[in-house]
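>>> model this:
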Amino acid sequence: RERWKDVDFSAPINNDQNHPEEIRIRQQNYAAMIENIDTQIGRYLDLLDERGELDNTVILFSSDHGEMLGDHNRWQKSIWYRGSVDVPLLVKGPGISEQLSRALVGFHDIGATILDLAGAEPLDGDAFSFKSVLSGETSHHRRVNKSALNDWKLVSDGRFKLVLSEGEDPLLFDLREDPGETKDLAEEFPCKVKQLQAL
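Numbers count the residues shown, from 1 in each chain. Sure thing, here's the model as predicted:
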């Protein structure tokens, strides 16, 4: 954490908690943890390079959830906001183009993609390989992504995101215009709510 002690981070989105120093310390701790993960992954990559296996190895990095880091007065995970449900996905290796993709990929698609990259037969189910996105052949994968936990569920087409919670009105966000999810557009765009709700 010492390397991060003098670093100031952007203020959390939509946060009215009056503890700026506590928030700053948490952000610095999180940055230090990410740096530690990066260092450990670097050790694996160095070993693959020493063995001459780096150029024939597919490396896939992801996570099972994000971290709110004070956005919307929330910490940790388990909520439908992007900070919690959007996760990193980095893939590098032979046959994989260097790109920043906006393709919608579900976490369960990772297993199907690994099987495809290995030349194995696909399994039955609703997981689909995104190998064609990795190679640059296509730029799209899924039409929508879905997520759910406890009393909420969401569906997103990449631009709009609909959140349905038990006993509450639907919430609709335009992720392109409002990436911090601060303005509910459900009343303004009832047709989009209905369209996403059907999915």
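>>> Tell me where the chain has helices.
In the chain, the segments counted as helices under DSSP state H are 20-50, 82-85, 109-117, 131-134, 190-198.
>>> So what touches the third one?
Residues outside helix 109-117 that contact it (Cβ atoms under 8 Å, 6 or more residues apart in numbering) are 58, 60, 62, 89, 93, 95, 121-123, 125, 127-131, 134, 141-142. In short, each C-beta sits where N, CA and C put it, glycine included.
>>> for this structure, which spans come out with low pLDDT?
In the prediction, the chain carries no residues with pLDDT under 70.
>>> any chance you could map the strands in it?
For the chain, the strands defined by DSSP state E occupy 59-62, 89-92, 145-149, 152-156, 160-165, 171-174.
>>> And stretch 4-19, how far out from the chain middle?
21 Å (Cα atoms, centre = their mean, to the nearest Å).
>>> follow-up on the earlier one: just put the helices of the chain in CSV and tack on mean neighbour count and distance to residue 69.
Shown next, in CSV, are the helices of the chain (neighbours: other Cβ atoms under 10 Å; distance: least, Cβ to Cβ, whole Å):
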stretch, mean neighbour count, distance to residue 69
helix 20-50, 13, 6
helix 82-85, 20, 6
helix 109-117, 18, 24
helix 131-134, 21, 28
helix 190-198, 14, 27
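>>> so which of these gets nearest residue 148?
helix 82-85 (9.9 Å; Cβ to Cβ).
>>> Just list what that closest one packs against, helices and strands only.
Counting contacts by 3 or more Cβ pairs under 8 Å, 6 or more residues apart in numbering; DSSP states H and E, helix 82-85 packs against no other helix or strand.
>>> what does it rub up against?
Contacts with helix 82-85, where a contact means Cβ under 8 Å, 6+ apart, come from 65-69, 71, 74, 76-79, 147, 154, 175, 179, 181.
>>> Would you mind putting the strands of the chain into TSV with mean neighbour count and distance to residue 13 alongside?
TSV is the format used below for the strands of the chain (neighbours: other Cβ under 10 Å; distance: least, Cβ to Cβ, whole Å):
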stretch	mean neighbour count	distance to residue 13
strand 59-62	13	23
strand 89-92	15	22
strand 145-149	15	19
strand 152-156	19	18
strand 160-165	21	15
strand 171-174	20	12
